[in-house]
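Participant: Can you look at this prediction? I've put the sequence above it.
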Amino acid sequence: MNPGAHAAPASRVSVVMPVYNECDTVEEIVRRVKGVPMSVELVVVDDGSTDGSTELLDRLAAEGCIDRLVLQTPNRGKGAALSRGFGTCTGDIVIVQDADLEYDPDDYPMLVEPILDGLADVVYGSRFMGGRPHRVLYFWHYVGNRFLTLLSNMVTNLNLSDMETCYKCFRREVLEDLTIEESGFGIEPEVTAKVALAGWRVYEVGVSYSGRTYAEGKKIGWRDGVRALVCILKYGFFRRASRKRRPPRAPAAKAGEA
């Protein structure tokens, strides 16, 4: 389906959850996902966990709490885990869910609504839009997120308020058109740039956020911020510039012409 085409109402939502060493939180978030008031297929990709998460996920899958469990070893990163999950899920709409408790699955109905209404192909859940509660934490993380979002917007010509958010919701056709190259957290700016370059319709809704501290298991660091900067330029600025410089495609020869 081409960008801009209206989607038919979807009856099935897939949630793809990458997991790496989240033994303290993964069981609760799995049960929260399966408790939302909609039909959800939960696909979990264990990305080489070493803290007991794998064994816990095996038990949850045996109990029927996980629809599809993918074991990926060794650890390859969030982007690689999501790529595996996207290739495994079967839903008409796909939501990304982290394995901690920072994002609330109760926000799923808001995320899917613009797609079900035929208005959007991709929906971002923003932590910075008003009206939803969020935990007050690191000032410089906030500044870094806003800077990366601003730079991303400059090269994609989108006006997102939160490019780095976990909550990204896609029509299946978008993911089928998307080739993920980043294995780590660089997937966030990569996907944003490629969605913009392809011309898919993007909406944004406010979501609640309960951020955690590094003592509580937060993993993203300054190196990931540097990689995000590189990815914004690589997939946004340089890919767009390369496409503009590409010579026009020669018309196909008519039947009977040499």
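Facilitator: Noted; the coordinates are in hand.
Participant: which other helices and strands contact the helix or strand in which Pro114 is found?
Facilitator: Secondary structure assignment for Pro114, by DSSP states H and E: helix 108-116. Here helix 108-116 touches strand 13-19, strand 93-96, strand 122-126, strand 168-171, strand 202-206, going by 3 or more CB pairs under 8 Å, 6 or more residues apart in numbering; DSSP states H and E. (Each C-beta comes from the backbone N, C-alpha and C, glycine too.)
Participant: Show me which residues of stretch 146-164 are buried.
Facilitator: Within stretch 146-164, the residues that qualify as buried are 148-149, 151-153, 155-156, 158, 160-164, counting by 16 or more other CB atoms under 10 Å.
Participant: Out of those, name the ones that lie in helices.
Facilitator: Under the assignment DSSP state H, those contribute Leu148, Thr149, Leu151, Ser152, Asn153, Val155, Thr156 to helices.
Participant: residues in contact with Pro74?
Facilitator: By CB atoms under 8 Å, 6 or more residues apart in numbering, the residues touching Pro74 are Gly48.
Participant: start the count at 16, not 1, going forward
Facilitator: With 16 as the first residue, the last one maps to Pro89.
Participant: What distance do you get for Met178 to Asn168?
Facilitator: 7 Å (CB to CB, to the nearest Å).
Participant: Next: Glu219.
Facilitator: 12 Å.
Participant: thinking again about what came up before, send the alpha carbons of the helix holding Pro129 over as PDB?
Facilitator: Output of helix 123-131 as PDB, limited to C-alpha atoms (Å, rounded to 0.1, in the frame of the first residue of the first chain):
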ATOM      1  CA  TYR A 123      -2.000   1.400  23.500                       C
ATOM      2  CA  PRO A 124      -5.500   2.500  22.600                       C
ATOM      3  CA  MET A 125      -4.200   6.100  22.000                       C
ATOM      4  CA  LEU A 126      -1.300   4.900  19.900                       C
ATOM      5  CA  VAL A 127      -3.400   2.800  17.500                       C
ATOM      6  CA  GLU A 128      -6.400   5.200  17.200                       C
ATOM      7  CA  PRO A 129      -4.900   7.400  14.500                       C
ATOM      8  CA  ILE A 130      -4.100   4.300  12.400                       C
ATOM      9  CA  LEU A 131      -7.500   2.700  12.900                       C
END
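Participant: just the angle between that helix and strand 137-141, please?
Facilitator: Using axes from the mean of the first three to the mean of the last three CA atoms, to 10 degrees, one finds that helix 123-131 and strand 137-141 are set 150 degrees apart in direction.
Participant: Please name the nearest non-neighbouring residue to the residue sitting nearest the centre point of the chain.
Facilitator: What sits nearest the mean C-alpha location of the chain, by CA atoms, centre = their mean, is Lys183, with 4.1 Å. With CB to CB, 6 or more residues apart in numbering as the criterion, Lys183 has its nearest non-adjacent residue at 5.0 Å, and that residue is Val111.
Participant: what about that neighbour, how many neighbours?
Facilitator: Residues near Val111, counting by other CB atoms under 10 Å, number 24.
Participant: So it sits against Thr180, correct?
Facilitator: No - counting by CB atoms under 8 Å, Val111 does not reach Thr180; the two are 9.1 Å apart.
Participant: Tell me how far Tyr182 lies from Val31.
Facilitator: Relative to Val31, Tyr182 is positioned 12 Å away (CB to CB).
Participant: could the helices and strands packed on helix 123-131 go into a markdown table alongside distance to Leu72 and mean pLDDT?
Facilitator: Below are those laid out as a markdown table (distance: least, CB to CB, whole Å; pLDDT from 0 to 100):
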| stretch | distance to Leu72 | mean pLDDT |
| --- | --- | --- |
| strand 28-34 | 7 | 98 |
| strand 108-111 | 17 | 98 |
| strand 137-141 | 24 | 97 |
| strand 183-186 | 22 | 98 |
| strand 217-221 | 29 | 97 |
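Participant: Now tell me which helix or strand of this protein has the poorest mean pLDDT.
Facilitator: Every helix and strand of the chain was ranked by mean pLDDT, DSSP states H and E. The lowest is helix 254-260, at a mean of 59.
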